[in-house]
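Enquirer: got a predicted structure plus its sequence, pasted below:
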Amino acid sequence: MARTALDDTDRMNIRVKPEVKARLLRAAALRHTDLTSFVTQSALREAENVIAASDAIKVSERDFNRILELLDNPPEPNAKLLAAAAALPKTL
């Protein structure tokens, strides 16, 4: 289960070894930007990749075709589904 990140300040401090900071500074300079912008943009790109991977549902081609088939031709509702629908509030 995903842990919730706490956001209790507008600042973020990180500790890195001098050689790591030197590499980050060099990369930032090569991109003609400052260290904060470089690290922020790099972290945001990775965050978007992580979120996208988490939000995506991967299924096999066989399962994908089955899903499409069920969407095009849904089965008749069974007793449990009808009972669940009847238990829903009249307004949502």
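Expert: Thanks, I have the structure now.
Enquirer: distance of Asn49 from Ala43?
Expert: Distance of Asn49 to Ala43, given as C-beta to C-beta, to the nearest Å: 11 Å. Quick note: C-beta positions are derived from backbone N, CA and C, even for glycine.
Enquirer: list the buried residues in the lengthiest helix in the chain.
Expert: What stands out as the longest helix in the chain, according to DSSP state H, is helix 35-55. Across helix 35-55, burial judged by 16 or more other C-beta atoms under 10 Å covers 38-39.
Enquirer: what about the residue sitting nearest the centre point of the chain, distance to Thr40?
Expert: By C-alpha atoms, centre = their mean, the chain has its centre lying nearest to Ile51, at 1.6 Å. Here Ile51 is placed at a distance of 16 Å from Thr40 (C-beta to C-beta).
Enquirer: same question for Asp10.
Expert: Distance, Asp10 to Thr40, by C-beta to C-beta: 13 Å.
Enquirer: before we move on, what about Leu68?
Expert: Following C-beta to C-beta, the distance that separates Leu68 from Thr40 is 40 Å.
Enquirer: show me what counts as buried in stretch 23-31.
Expert: Ala28.
Enquirer: what is the mean pLDDT for stretch 46-60?
Expert: Mean per-residue pLDDT for stretch 46-60: 94.
Enquirer: repeat that for stretch 79-91.
Expert: On average, stretch 79-91 scores 92.
Enquirer: got the contact list for it?
Expert: Stretch 79-91 has contacts (C-beta atoms under 8 Å, 6 or more residues apart in numbering) with Pro77.
Enquirer: how far away from the center of its chain is it?
Expert: 32 Å (C-alpha atoms, centre = their mean, to the nearest Å).
Enquirer: cool, stretch 39-59 as well?
Expert: 5 Å.
Enquirer: and the contacts of it?
Expert: Residues outside stretch 39-59 that contact it (C-beta under 8 Å, 6+ apart) are 2, 24, 28, 33, 67.
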